[in-house]
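Peer 1: starting from these lines, generate the structure:
(6 chains, ligands or ions: 3)
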Amino acid sequence: MSDNPTVEATNDEPQATTEHRIPQPDALTNKDLMKSWFGWWWANEVPHTFDRMLAPSFCFGLIPSLQKLYKDKDELAKSFQRHLLFFNTQATWGGGTLTGVTLSLEEARAKALANGEEPISEDMINNTKVGLMGPLAGIGDSIDSGTVQYIFIAMFLPFAKQGNFLGALLPFLCFAIATFTYGYYFTKMGYSLGRSAAKEIMTGGRMQGIIDGLGILGLYMMGILAGQYITIRSFLKFSISGKVFNVNTILNQILPGALPLLAVILVYWYFQRQGLKITRALLYLTGALIVLSIFYII
Amino acid sequence: MSDNPTVEATNDEPQATTEHRIPQPDALTNKDLMKSWFGWWWANEVPHTFDRMLAPSFCFGLIPSLQKLYKDKDELAKSFQRHLLFFNTQATWGGGTLTGVTLSLEEARAKALANGEEPISEDMINNTKVGLMGPLAGIGDSIDSGTVQYIFIAMFLPFAKQGNFLGALLPFLCFAIATFTYGYYFTKMGYSLGRSAAKEIMTGGRMQGIIDGLGILGLYMMGILAGQYITIRSFLKFSISGKVFNVNTILNQILPGALPLLAVILVYWYFQRQGLKITRALLYLTGALIVLSIFYII
Amino acid sequence: MSDNPTVEATNDEPQATTEHRIPQPDALTNKDLMKSWFGWWWANEVPHTFDRMLAPSFCFGLIPSLQKLYKDKDELAKSFQRHLLFFNTQATWGGGTLTGVTLSLEEARAKALANGEEPISEDMINNTKVGLMGPLAGIGDSIDSGTVQYIFIAMFLPFAKQGNFLGALLPFLCFAIATFTYGYYFTKMGYSLGRSAAKEIMTGGRMQGIIDGLGILGLYMMGILAGQYITIRSFLKFSISGKVFNVNTILNQILPGALPLLAVILVYWYFQRQGLKITRALLYLTGALIVLSIFYII
Amino acid sequence: MHVTLSVWQALLIAIWVALVESRILGFATLTMRFSPLMTGMMVGFIMGDIKQAMIVTAAIQLVYMGFVAPGGALPAEPAIGAAIAVPVALLGHMSPQGAIAIAVPVALLGSYLYQFRFFLNTFALKPMDKYAREGNARGLRFSIIGIPALISFVLFIPLIFIALYFGAPVISGLVSNIEHGTIIHVLNSVGGGLAALGIAIIMQVIGKKRLLPFFFLAYFMSVAFAKLEINMTIYAIFGVIFAILYVMLSQKNASENS
Amino acid sequence: MHVTLSVWQALLIAIWVALVESRILGFATLTMRFSPLMTGMMVGFIMGDIKQAMIVTAAIQLVYMGFVAPGGALPAEPAIGAAIAVPVALLGHMSPQGAIAIAVPVALLGSYLYQFRFFLNTFALKPMDKYAREGNARGLRFSIIGIPALISFVLFIPLIFIALYFGAPVISGLVSNIEHGTIIHVLNSVGGGLAALGIAIIMQVIGKKRLLPFFFLAYFMSVAFAKLEINMTIYAIFGVIFAILYVMLSQKNASENS
Amino acid sequence: MHVTLSVWQALLIAIWVALVESRILGFATLTMRFSPLMTGMMVGFIMGDIKQAMIVTAAIQLVYMGFVAPGGALPAEPAIGAAIAVPVALLGHMSPQGAIAIAVPVALLGSYLYQFRFFLNTFALKPMDKYAREGNARGLRFSIIGIPALISFVLFIPLIFIALYFGAPVISGLVSNIEHGTIIHVLNSVGGGLAALGIAIIMQVIGKKRLLPFFFLAYFMSVAFAKLEINMTIYAIFGVIFAILYVMLSQKNASENS
Ligand SMILES: OC[C@H]1O[C@H](O)[C@@H](O)[C@@H](O)[C@@H]1O
Ligand SMILES: OC[C@H]1O[C@H](O)[C@@H](O)[C@@H](O)[C@@H]1O
Ligand SMILES: OC[C@H]1O[C@H](O)[C@@H](O)[C@@H](O)[C@@H]1O
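Peer 2: Ligands and ions are numbered 1, 2, ... in the order given. From the prediction side, this is the model:
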């Protein structure tokens, strides 16, 4: 199993492409956007893998639209390949928006190729996707999974407590409908933003600011989630001549929240050193947690 | 009733003014500043109107000083007219300071006109006034009305509770004296700041930074006031198969403070679209509040 | 007693120094760093004075290293003199780091002098020291005295309560060992940072940013300490026709924490006006506190 | 409650209210208008029972602590409330709580009267533009102070007089009608919501959309930290600090030494 | 507890679990997987006692309020927990609390099963690269949806079926073994700590080391303000404001007018 | 309380105090000086009752948790307090509370003694300038360590010895005189206020007026959030974050990628 997926795109814009006539792409319609959004929505986490994460389902969603854009078999194959590279984001805020953005960039690229102009490079498409997927994952996870879902559950839980099946059905339906709807809205918004973004990218405009801003928000939300969801505390006690010391109490005097933070920092630091080797990190972390908890250190 | 007061000044600096000799202005003294401050203080909210707000009282205060500056009838009339344009601010922090600032700018203008030099334009005087009035209103309202006043009342309230008339007289006197005193101080400060501001304006210096800073403070104080003084909550309840849902509780789970904020945003957004049509906004808002509350939605 | 120590270094880089041959300095080893760190650590607050504060002990620590660097008697004497100028910082975070930084700068200076190159000026060495000593004092006091020390005491206090002498010995030993160890680590870190800092200084790089950042942190920590450790409250009461007014309660309605802040601001403002006249400030402040508290004003 | 006020008493109180609501006594009338205290005192003085009047007014005051009126929109007129409620309470030997029950709805009604004064001013002050164009300081002064003062007197004196002279039973009836139920709920909601108008006016007048994040920052600070009951002055100090830091950082010379 | 499920009942529940855990019903399966509610309802439907099933499931739900799975790492599979615990509870007439005692360890075990699905996918999806290279949309589609769906069905259906059909006594035994003592402590610790993985993945993917201060700011805000129980949306709004201010200030045109 | 210490006991304790207050044992003496614990232990050792001495000292320690001395100004000398109070308590079989009542005023007086040491150093160290000018390392070393050590010994040994040997009754008298009433109030006020000096010194030494907003920010954070009892380390982390963000934003390369 390849444990080290590379995110870099193949950078070889073949000069040959402009020589053999490339057919004009069909224009993308709202229906195409819906198809691609639905494809991503449907396949979403079905093909989850450790090395590509959600790339397969992202590619799955794009297939019908890419077929309309690249009548040339070679370009179509290349577009499939580039969207199978490592990709991970949250379904609506991330995947919806990026389906739209990506399609607008692909459309610009397809048109330019057909007209023999300088196309948006594969790299550019990839960088935009990769730059935005992380921040939007952070935002989307906190909002969709972390907030919207549980608000609906909390609202209707009293039904469930009374034995009424609406307590299960209503939160499911509300969540399904709400997220599908605004996910599609994000797709369309991403598509129209992408058109201007494409220009911005070319002219080196405020794109960096937007990515920075989203990065801040994503990292910030991760900080909030880390503070609220990671629960590691020490169960270690030791005694010096009869007096019992509770390590967790001492740690809280020094720095409340130190242990959960330490866990995140260690994994993050591992990724920084070794690349995004998720499986290994998972194994090491699980191993460490098991060993430490067997001895009641945590 | 003209519901759409325009804030723009008349921009036509008549070339004729430099041709017929304009008499030298008298220099403004501390006594003049006191007169103008007192005029504004006294007239303050007497001539409150929807379309000019406090412009008439601001103009009222300036009258004696403007008479000393503009011996030329035409210029005097023009100066009256420009200070009857829409103006609204808080009495001491805003009105005191701006009385001083405006007089220093008018004095510079009057001198330049008399000497046949390039004068500070009417626009410049207006922009300075208009740029500062909002932030200073935000600051002044929170401090004078919102803090100083109630501190005095709270201090002496025990008297009132015991039936002692000092419980009414002392807070009134303290507030009246304190605000009159520091309002006059702000007038003098504004006057001397205005002299340097006039230079800054000409040389394009840090004026923008100051206005920005005051704008931040003003908006920020409005945020605090909105959070503490607008009290809109939902009384809506609905039930699905027997279970009662309390909308206010649900809203608080999603976003505490959502309703008051929504009210501000709607009115603000109305002004953004339609201009500062205060009467209409008042009518619409009151209407909406009445209708919503009759049905116990709020 | 000279109450106004000047911080400025003597700026006269004598041109003569490059004429008579200056011997090559010995390279500084880890052992030298340890010697200097230990010297500073040992002498630390022994020679505390009002006008130089901890400069003597800082100089004391440097002596053996300076002797290795400056074989030339004149340069040695000058180096002694410059490190007897006003200096105050916390022992480990400040003194450790700055011992390292200073030695690296001195070494660079000594080498340049011996090679007849343009040396780092005395001013530069002084400015670096003086720029960093304040912020690092703020940081170090809060961490070492304010946190580390009391954590150890709190941990072992239960022993003391049971009459066990470990309750005294363990916090002392832990604190002594921990601070000595990381103080030495800071010295080494300072030394290697200093080498790059020396280059930065020459090329005008990010040094300013670092000093700014440390300044912010230092001032910020002083704010936190002021808020938590200065305890001034008013005991003043007065009554108007029978009603008792408690000044402290009123002050807390206007601005909680006003009195401690006022004390800091007054002393700070005195220093701004009069220079760093610590003895006088001490006398005036003590006098004021005594007088005010005798009359139960505070 | 068949005891009533004498003509003179009713008239004097009505004139006092007109003085306050016309704002003719300068900026110092602000606190006369926002607080029922001075009005309560005057009523006590006119009716010869300062002590009881002050006790009743103090209770009313508690309802109105902390009101502000950015952009002019005060959600109630405590002075008008007190002008009616204190006499009724004194005559009827009511408890302070009963007086509050009268003052609150009356003050709410009063705020619409104040708005109506605004409305009339808006038309009646037009002559000032003519005088300004002519450079006529005298005319200008009259139209700015004289006209609106007159309007206020014509508006407030008769209304308050009638309310007081014929009013105690009428008011009691009115009040007990609206005290419970929908009307008072509506009035409360309108009062609680109108503050949004003044705030939005100032935001619009400040006019820097770019700086709106600071509005939201402050709003949600005050929501998130509500339990800490942080003093308004401290909030203001944070605002000053944020403003300074923003301006320092947005100007190029930020990294200069000072 | 010798009463057991019929073959059909066990099979239907197993298929349901496979549908949910394969995620084949689209993004909507997220909430089916994160929450035990829909699974509890289906079990109630299949076993003919919706009412009791819902009551038991509601109790289980309370344990899992607020779980998120950044980067895929959900610390437990509530749906699997419910699929086993609710039938056992219905058959054994157990209290909701007893059902929780079964659901929690089962859900923990279930999360390792879900991880295993990941693991298998990682190998089994390789053909998609070939189809992509060939531009073969049909093959691509099949390998992206068909293969992993198949894997999930082959993995979950037999396991859950066996657990349910033969399982009630086995599971009870298993559960009472691990309920107290070290095993459950270890499982809890792993569950509580694995959230760190998903968070670190997203941090790495965002990839801007320079912006890490905002991570720490948020982390320590949530620690320092824990007592205030600040709503997540408000935290998010602060994040948006910080991001906007930072970007405004870091761009040269910050001091432009707007 | 006629029992007294032997000459040797009094002398040994006096020497210990001089060692601590001269700071001659290096930076490690900081905690000996800030905390009464080591002194209490030594007293117990010298007087042959470590156990009781520790119990008394632990009570005294609680009064002095969290003291810091930025710029040198410690508002009390707990070590001196303990050196006097623990023997008196042991001899008089006093309760720990009684010992505190003695330690607190003595420690306050002690802090003026420490200030006096400063004062003497300021004059007595002058020779070091001469040695520096001559490049005389030996002389420099002596004047930096030897002179001030001598001063401290001459200052502290006799005073503490006399206080201990002749002192128990005297001290008791003194203490009961000042324990209540104005003197202790004054001493407390001076102690509580002197911290302002050290803080202002560091602020002046940092010297960047431009950055003062961060001082005020921190001050009012610690006031506004007082109820949350936020840990000092967390405050420091916020400080680090603010510093980093400010520096990032104030440098031109802020918007560079990293
Ligand atoms: O808000 C500024 C200003 O607006 C209106 O003119 C009045 O409400 C004043 O009291 C207020 O100070
Ligand atoms: O965190 C982003 C993303 O990561 C994984 O792909 C899954 O856990 C998703 O549910 C999540 O939204
Ligand atoms: O504040 C810096 C420094 O100042 C003085 O020198 C002493 O109080 C030290 O303990 C302190 O560390």
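Peer 1: would you mark the buried spots in stretch A:258-276?
Peer 2: Residues A:258-261, A:263-268, A:270-271, A:276 are the ones in stretch A:258-276 that count as buried (16 or more other C-beta atoms under 10 Å in any protein chain shown). Every C-beta, even on glycine, is put in place using the N, C-alpha and C of the backbone.
Peer 1: next one: it, is it in contact with chain E?
Peer 2: Yes - if you take C-beta under 8 Å from any C-beta of the partner chain as the test, stretch A:258-276 does meet chain E, through A:P260, A:L261, A:A263, A:V264, A:L266, A:V267, A:Y268, A:Y270, A:F271, A:Q272, A:L276.
Peer 1: just to revisit the earlier point, quick one: least confident of the buried residues of stretch A:258-276?
Peer 2: pLDDT is lowest at A:L276 among those; the value there is 78.
Peer 1: that one touches A:F86, doesn't it?
Peer 2: Yes - counting by C-beta atoms under 8 Å, A:F86 is a contact partner of A:L276 at 7.5 Å.
Peer 1: can you tell me the element the closest residue to A:A27 other than its chain neighbours falls in?
Peer 2: Leaving aside its sequence neighbours, A:A27 sits nearest to A:E107 (C-beta to C-beta, 6 or more residues apart in numbering or on different chains; 7.7 Å). Element membership of A:E107, judged by DSSP states H and E, is helix A:97-114.
Peer 1: any part of that helix near ligand 2?
Peer 2: No - Helix A:97-114 lies out of reach of ligand 2 by C-beta under 6 Å from any ligand atom, never closer than 12.0 Å.
Peer 1: quick one: list the elements packing against the strand or helix carrying D:F161.
Peer 2: Following DSSP H and E, one finds D:F161 within helix D:147-165. When contacts are defined as 3 or more C-beta pairs under 8 Å, 6 or more residues apart in numbering or on different chains; DSSP states H and E, helix D:147-165 sits against helix D:7-21, helix D:78-92, helix D:96-124.
Peer 1: and of those, who's closest to ligand 3?
Peer 2: Ligand 3 sits nearest to helix D:78-92 of all those, at 53.3 Å, using C-beta to the nearest ligand atom.
Peer 1: just the helices in the stretch 1-150 of chain A please.
Peer 2: With DSSP state H, counting those that start in this stretch, the ranges of helices along the stretch 1-150 of chain A come out as A:30-43, A:55-69, A:73-82, A:97-114, A:122-140, A:149-161.
Peer 1: any chance of the ones you listed in TSV, plus mean pLDDT and mean neighbour count?
Peer 2: Output for the helices of the stretch 1-150 of chain A, formatted as TSV (pLDDT from 0 to 100; neighbours: other C-beta atoms under 10 Å in any protein chain shown):
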stretch	mean pLDDT	mean neighbour count
helix A:30-43	96	20
helix A:55-69	96	24
helix A:73-82	94	20
helix A:97-114	93	24
helix A:122-140	82	24
helix A:149-161	87	22
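Peer 1: relative to F:Q52, which of those helices is closest?
Peer 2: The closest of the helices of the stretch 1-150 of chain A to F:Q52 is helix A:149-161. By C-beta to C-beta, the value is 58.2 Å.
Peer 1: and the helix or strand just after that closest one, which residues are buried?
Peer 2: Sequence-wise, the next helix or strand downstream of helix A:149-161 (DSSP H and E) is helix A:166-203. The neighbour-count check on helix A:166-203 (16+ other C-beta under 10 Å) flags A:166-172, A:174-176, A:179-180, A:182-184, A:186-188, A:190-191, A:193-195, A:197-198, A:200-201 as buried.
Peer 1: same check on stretch D:210-226?
Peer 2: Of the residues in stretch D:210-226, those buried (16+ other C-beta under 10 Å) are D:210-225.
Peer 1: quick revisit: in helices, which of the residues of stretch A:258-276 next to chain E fall?
Peer 2: Using DSSP state H, the members of those that fall within helices are A:P260, A:L261, A:A263, A:V264, A:L266, A:V267, A:Y268, A:Y270, A:F271, A:Q272.
Peer 1: which of the buried residues of stretch D:210-226 fall within helices?
Peer 2: Among the buried residues of stretch D:210-226, DSSP H puts D:212-224 in helices.
Peer 1: between those residues, which is closest to C:M221?
Peer 2: The closest of those to C:M221 turns out to be D:M221 (C-beta to C-beta; 22.9 Å).
Peer 1: quick one: pLDDT of the closest one?
Peer 2: Looking at D:M221, its pLDDT reads 96.
Peer 1: just checking, it touches D:Y235?
Peer 2: Yes - judged on C-beta under 8 Å, D:M221 makes contact with D:Y235 at a distance of 7.4 Å.
Peer 1: now list whatever residues contact both of those two.
Peer 2: Common contacts of D:M221 and D:Y235, defined by C-beta atoms under 8 Å, 6 or more residues apart in numbering or on different chains, comprise B:I224.
Peer 1: what does chain D have sitting close to chain E?
Peer 2: Residues of chain D lying close to chain E by C-beta under 8 Å from any C-beta are D:208-210, D:213, D:216-217, D:220, D:223-225, D:227-228, D:246, D:249-251.
Peer 1: before we move on, the earlier item: may I have the helix holding D:F161 as CSV, with CA atoms only?
Peer 2: Extracted C-alpha coordinates of helix D:147-165, given in CSV (Å, rounded to 0.1, in the frame of the first residue of the first chain):
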residue,chain,number,x,y,z
ILE,D,147,-40.5,77.6,16.2
PRO,D,148,-39.8,74.2,17.7
ALA,D,149,-40.1,75.4,21.2
LEU,D,150,-43.6,76.8,20.4
ILE,D,151,-44.6,73.5,18.7
SER,D,152,-43.6,71.6,21.8
PHE,D,153,-45.5,73.8,24.1
VAL,D,154,-48.6,73.7,21.9
LEU,D,155,-48.3,69.9,21.7
PHE,D,156,-47.5,69.0,25.3
ILE,D,157,-49.2,71.5,27.6
PRO,D,158,-52.8,70.8,26.6
LEU,D,159,-52.4,67.1,26.3
ILE,D,160,-50.7,66.7,29.7
PHE,D,161,-53.1,69.1,31.3
ILE,D,162,-56.1,67.3,30.1
ALA,D,163,-54.6,63.9,31.1
LEU,D,164,-54.0,65.2,34.6
TYR,D,165,-57.1,67.3,35.2
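Peer 1: since that was my last question, I'll sign off now.
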